[in-house]
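Novice: sequence and predicted structure, then a few things I'm wondering about:
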Amino acid sequence: MACDLTIMTTLNLKNLSCHFDDVVAVDGIDLDVGDRELVSLLGPSGCGKTTTLRCIAGFESPDGGDILFDKASVIGLPPEKRDLGMVFQNYALFPHMTVSGNLAYGLQMRKTPQQEIDRRIGETLEIVQLAGLDDRYPNQLSGGQQQRVALARALIIEPRVLLLDEPLANLDAKLREEMRFFIRNLQKDLGITTIYVTHDQAEAMVMSDRIVVMFNGRIHQIGKPAEIYNFPATQEIADFIGLSNFIVCTVTGRGDNDQYIVDTPAGTLRSTTNANHTVSSKVIMMVRPEVITLHTGSVPGEYNEVEGVVMEKYYLGSAITYRIRYADEGVLQVQGQPWSEFEVGDPIWCRFDVERSWILPSESN
Amino acid sequence: MPRSRLTLLLLIPTLALLGAFLLLPYLNMVVMSFRTPSTSAVFAPGFTTANYLNALLDPDFYYLEILWDTMVLGFWTTLVSLILGFPLAYHLARTQSRLKTLLYFFILSPLLVGVVIRCYGWMIILGPHNGLINTTLKQLNLIENSLPLMFNTFGVSVGLIHVFLPFMILPLLGSIQAVDPALEEASQSLGASRLRTMIKVIVPLSLPGIQAGSILVFVLTISSFVIPILLGSYKVMIMPTLVVQQIMDAMLWPFGAALAFILSITGGFVIYIYLKLTSRLVPSSQ
């Protein structure tokens, strides 16, 4: 597919709001998507991510705010005038048309000459690795093939913005994983500005330049996948994305390099954060299971240590999950190496970096 | 007892009913249409093809013209029902309104009133002398002479479309509901306006409903009797009125039976052609 490198597309949402009857679906969100960027809208069902996408596509009318494509408002433009490519969760392929027919549809609407249509269908099918399936009907294709036809149909019109609404949700796990890489590579090659809606945090991690975490119609955090994962803004986000251990603690003082000294049931630990917390305020420390290493003894050093006992052990193949009891009540989940040989009942020391001990505001505040 | 036998057992009452009251009378009529007419009895002894030949080879084309008029009436009634019914069915299929049940009721309402009462209602509205429309227009000095709204094809069509519309809408409703709304959105996202989407996506995909509704309305129209009589008097002559005239008034049972079969066969042929033509519009993926 010819990709015109001079085309720039940016997308801006300004204080966008949308409600249905008395339910507020999108509650005043701001978002700037840069040229060639893939931004995921991530959140649980009902968080407003799909409604946001549908507002961008023009299928819902926002109550307030603005949507800008290349600095020009598209509010009031019907979907067919927005020049978008959209991939639907159930693919929405036209069942009465062949693969070629589905791909030609958008070009026919643009009055593209038939010769050009044929050429681009060939090229696009090549790109999505479906060459030779031109004459098949959607019901003669596998789920993965249908998904790629849907993608091809959206891309062939060379849209300004590509919108993907949980496009992988209906595929089986293995295919879903393959398609993540496939779509991401395609998006990078074509350099197309993309909004990706998903509730699958792993999918968002793999595919996105930036992730927008949404809850209850509001944006809670925007950041690169690693930022969102390592430095979540709230406990809700940390809990939604990946597995976390949460340790309730109290700030007792400041250490070096923006570190905080906190008092926990497991003793005094150090931690990092980007927020300001006053001494004696209640906070939550987040430690990911994979940053904790297990040791048979304590070695003093520049890291946090928690003493405990192996309570449960689960073999996963690629790792072993240990559940460690500390300070009578607390439980730490640890992702151990698959060759580690700790047994239930072993006394153990959990060690983790201070930089990986992230402090979050306590939700009860 | 095996399941298939049980199913067969359950079918027996229906089959018996259809056999005794549909199939046998039909066969009787086939035989009747080949009998020799008689002026003193229902029929005379012996068999003949004269009844068919008389109808088809009439030098004035009197019967063939009536047959043609019947088909034309069927065509227009079906087409107008489809044009009126499709938007209604589409709206009903897609609406989220709480008044949906009420809409259903309105659509079925023509069927809730007896045919005679419904026709007299139309007479009050369409009547040439005291009809609501004509008197109103006259009092507003918009017209001098009554508009011919009744006792013609127009009046008959109005009465037919009114009562047959539900038979068009219900099959349409079913097949439009089966069309995934996401397909409409996909079409729009690819640059098609709502009208193009309707023509390129919704109409082709609801073709089974269009076919079913059209056939129902067409068959009901070309076999309608009461409405053409009441709203058309005998000025609108179509095959059913002709058949009844021949059998009941002229007592020409064999000839009436032959006319009835000419109507049935022609109707069946028209439907066959219609299905052939429309099925080609949508390539089957099976």
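Specialist: Alright, I've got the coordinates. For clarity, every value in this text was computed on a predicted model and none was experimentally measured.

Novice: how much space separates the residue lying closest to residue A:267 once chain neighbours are set aside from residue A:290?
Specialist: With CB to CB, 6 or more residues apart in numbering or on different chains as the criterion, residue A:267 has its nearest non-adjacent residue at 7.3 Å, and that residue is residue A:306. (C-beta placed from N, C-alpha, C; glycine too.) Distance of residue A:306 to residue A:290, given as CB to CB, to the nearest Å: 16 Å.

Novice: before we move on, what about residue A:222?
Specialist: When distance is defined by CB to CB, residue A:222 is 24 Å away from residue A:290.

Novice: neighbour count: the two, which is higher?
Specialist: Between residue A:222 and residue A:290, counted using other CB atoms under 10 Å in any protein chain shown, the more crowded position is residue A:222 (18 against 15).

Novice: residue contacts, that one?
Specialist: Residue A:222 makes contact with A:31, A:210, A:211, A:212, A:213, according to CB atoms under 8 Å, 6 or more residues apart in numbering or on different chains.

Novice: just residue B:70 next, same as before
Specialist: B:222, B:238, B:239, B:240, B:263.

Novice: in helices, which of these fall?
Specialist: Of those, the ones assigned to helices by DSSP state H are B:222, B:239, B:240, B:263.

Novice: just put these in TSV and tack on pLDDT and neighbour count.
Specialist: Putting the ones in helices among the contacts of residue B:70 into TSV (pLDDT from 0 to 100; neighbours: other CB atoms under 10 Å in any protein chain shown) gives the following:
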residue	pLDDT	neighbour count
B:222	95	25
B:239	95	28
B:240	94	21
B:263	95	21
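
Novice: nearest to chain A, of those?
Specialist: Taking CB to the nearest CB as the measure, chain A lies nearest residue B:222 of the ones in helices among the contacts of residue B:70, at 30.4 Å.

Novice: relative to residue B:78, how far out is that closest one?
Specialist: 10 Å.

Novice: over to residue B:196?
Specialist: The gap separating residue B:196 from residue B:78 is 25 Å, by CB to CB.

Novice: so between these two, which is more surrounded?
Specialist: Each of residue B:196 and residue B:78 has its neighbours counted (other CB under 10 Å); residue B:78 has more, 26 against 17.

Novice: now the residue in the stretch 151-300 of chain A positioned nearest to chain B, what's its secondary structure?
Specialist: The stretch 151-300 of chain A approaches chain B most closely through residue A:157 (6.4 Å), counting by CB to the nearest CB. Per DSSP: H, G, I helix; E, B strand; the rest coil, the secondary structure class of residue A:157 is coil.

Novice: residues from chain A in reach of chain B?
Specialist: Counting by CB under 8 Å from any CB of the partner chain, the positions of chain A adjacent to chain B are A:57-59, A:78-80, A:82-86, A:88-90, A:92-96, A:98, A:105-106, A:109-110, A:137-140, A:153-154, A:157, A:163.

Novice: filter those down to the buried ones.
Specialist: Buried by 16 or more other CB atoms under 10 Å in any protein chain shown: A:57-59, A:79-80, A:82-86, A:88-90, A:92-96, A:98, A:105-106, A:109, A:137-138, A:153-154, A:157, A:163, out of the residues of chain A next to chain B.

Novice: out of the residues you listed, which sit inside strands?
Specialist: Here DSSP state E is the test, and these give A:84, A:85, A:86, A:163 as lying in strands.

Novice: could I get those residues as CSV with pLDDT and distance to residue B:218?
Specialist: Output for those, formatted as CSV (pLDDT from 0 to 100; distance: CB to CB, whole Å):
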residue, pLDDT, distance to residue B:218
A:84, 91, 43
A:85, 93, 43
A:86, 95, 40
A:163, 96, 44
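
Novice: list the contacts for residue A:179?
Specialist: Residue A:179 makes contact with A:144, A:147, A:167, A:168, A:171, according to CB under 8 Å, 6+ apart.

Novice: on the three-state scheme, it is what?
Specialist: Residue A:179 ends up helix, using three-state DSSP.

Novice: got a pLDDT number for it?
Specialist: Reading off the confidence values, residue A:179 has pLDDT 91.

Novice: what do you get for residue A:364?
Specialist: Here, the pLDDT recorded for residue A:364 equals 56.

Novice: ditto for residue A:196
Specialist: At residue A:196, pLDDT is 96.

Novice: give the bridge partners for it, please.
Specialist: Residue A:196 has the following beta-bridge partners by DSSP bridges: residue A:40, residue A:164.

Novice: compute the number of surrounding residues for it.
Specialist: As a burial measure, residue A:196 scores 29 neighbours (other CB under 10 Å).
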